[in-house]
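*Asks:* take this sequence and fold it.
(one chain, ligands or ions: 1)
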Amino acid sequence: MSLPRQVHAELLDTLAPDDPRAIGSRSDLHRINRLMATQSLIRGPLDKILHGSNAIRLVELGAGDGQTLLQLARHHARRWPQVNLELLDVQPVVNAQTLADYRALGWNVEVIRADAFDWLAQPASGAVPVIIANLFVHHFEGERLRALLNGIAARASAFLCCEPRRSRLALTFSRLLGVIGCNEVTRHDAVVSVHAGFSAQELSALWPQPSAWSLREAPAGLFSHRFQALAKHV
Ligand SMILES: C[S@@+](CC[C@H](N)C(=O)[O-])C[C@H]1O[C@@H](n2cnc3c(N)ncnc32)[C@H](O)[C@@H]1O
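*Replies:* All right, here's what the predicted structure looks like:
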C-alpha cells in the first residue's frame, strides 16, 4: 500500500543556526547523506550535464552547510569544467573553511542568504544556471511546490534533485537513526521528510511545459528519489 504524501514543518527550519541542536543535526545530515549515497546519486547525472562545457554556473538551493557538493568537488573538480557555484540557503551556515576548500579546488563560490522563492522571483541575470537541490524540494507542497518548480524551469538549463523516497523501507530506516547517534531534531525531521518525500512521477507531473524538457524521475539508491530535467533547447 502506498504512503500518502504529508508535509509537516521540520524542526531544523525552526532553530537558530547557532542552536547546538541545529549544529548537531546539520552534522547528522553528513552521515545521512553518506547512508543515502547522495554523492554517487548526484555525480552520474551531474557528470552528464557538465560534460563538454567549459564553464558552468551551478546554483544549489537549500544548500545547508555546502558540504554535499564539496565532497563531490574534491573527487571530480579536475575532470569538471570551471564551476561558478552559488550556495543558497535561508540560513547562514556555510563556514569560512568550506569556502576556502572550494576555492582551493579552483571553484568560484558565493553564498547567497535568501529564501529560494524570493531569489527565483527576482529577474534572472548572468549565465543560465544549472540548479541542483538535495533534501530540499520535499519541504513544499501544493501551490508552493508548483511555484518552486515553475521558478526553477523559468531560469535553469537543467535541474537535478535528490529527495527522500516515500517508501516503507525509507520510513523504517528513518525511525532507526538513533542507532547511529542522530539527535532528536534529526530523528524527528527524518521521519517527517520520508512522509513528505516523493514517489512515482510526482515531480514530472508538476514540471511545466514537459515537452520542452527531457525528464527522468525514479527511485535511486535505497532511500532516495531522483528527478532531473534537461532543457531540450537552451
Ligand atoms: C534538510 S536540509 C538539507 C541541507 C543540504 N542540502 C544537505 O544535503 O545537507 C534543508 C535546507 O533547506 C533550507 N531551506 C528551507 N527552506 C528554504 C527556503 N525557502 N529557501 C532556502 N533555503 C531553505 C534549510 O535552511 C536547510 O539548510
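*Asks:* use CA for all of it now, contacts and neighbours both
*Replies:* Noted.
*Asks:* can you list contacts of stretch 191-198?
*Replies:* Residues from elsewhere that reach stretch 191-198 (Cα atoms under 8 Å, 6 or more residues apart in numbering): 3-10, 138-139, 163-167, 170-171, 174-175, 225.
*Asks:* tell me the buried residues in stretch 204-212?
*Replies:* Of the residues in stretch 204-212, 204, 207-208 count as buried by neighbour count, 16 or more other Cα atoms under 10 Å.
*Asks:* now, which of those lie within helices?
*Replies:* Among the buried residues of stretch 204-212, the residues falling in helices (DSSP state H) are S204.
*Asks:* which one of the buried residues of stretch 204-212 sits closest to the ligand?
*Replies:* Relative to the ligand, the closest of the buried residues of stretch 204-212 is W207; by Cα to the nearest ligand atom it sits at 18.6 Å.
*Asks:* got a list of what that closest one touches?
*Replies:* W207 is in contact with 146, 149-150, 153, counting by Cα under 8 Å, 6+ apart.
*Asks:* equivalent analysis for A212, please.
*Replies:* Applying Cα under 8 Å, 6+ apart to A212 gives the contacts 231-233.
*Asks:* output the contacting helices and strands for the top helix by length along the chain.
*Replies:* Ranked by number of residues, the top helix in the chain under DSSP H is helix 20-35. Under the contact criterion of 3 or more Cα pairs under 8 Å, 6 or more residues apart in numbering; DSSP states H and E, helix 20-35 touches helix 67-76, helix 184-195.
*Asks:* how far does the shortest one sit from its chain's centre?
*Replies:* Here helix 67-76 shows a centroid-to-chain-centroid distance of 14 Å under the convention Cα atoms, centre = their mean, to the nearest Å.
*Asks:* so for that helix, what gets flagged as buried?
*Replies:* Across helix 67-76, burial judged by 16+ other Cα under 10 Å covers 67-70, 73.
*Asks:* other SSEs contacting it?
*Replies:* If you count contacts as 3+ Cα pairs under 8 Å, 6+ apart, helix 67-76 packs onto helix 20-35, helix 38-50, helix 96-104.
*Asks:* so which of those helices comes closest to F159?
*Replies:* Checking the helices and strands packed on helix 67-76 against F159 by Cα to Cα gives helix 38-50 as the closest, at 9.5 Å.
*Asks:* how far does whichever helix or strand comes after that closest one sit from the chain's center?
*Replies:* Scanning forward in sequence from helix 38-50, with DSSP states H and E defining helices and strands, the next element found is strand 55-61. Put simply, strand 55-61 sits 12 Å off its chain's centre (Cα atoms, centre = their mean).
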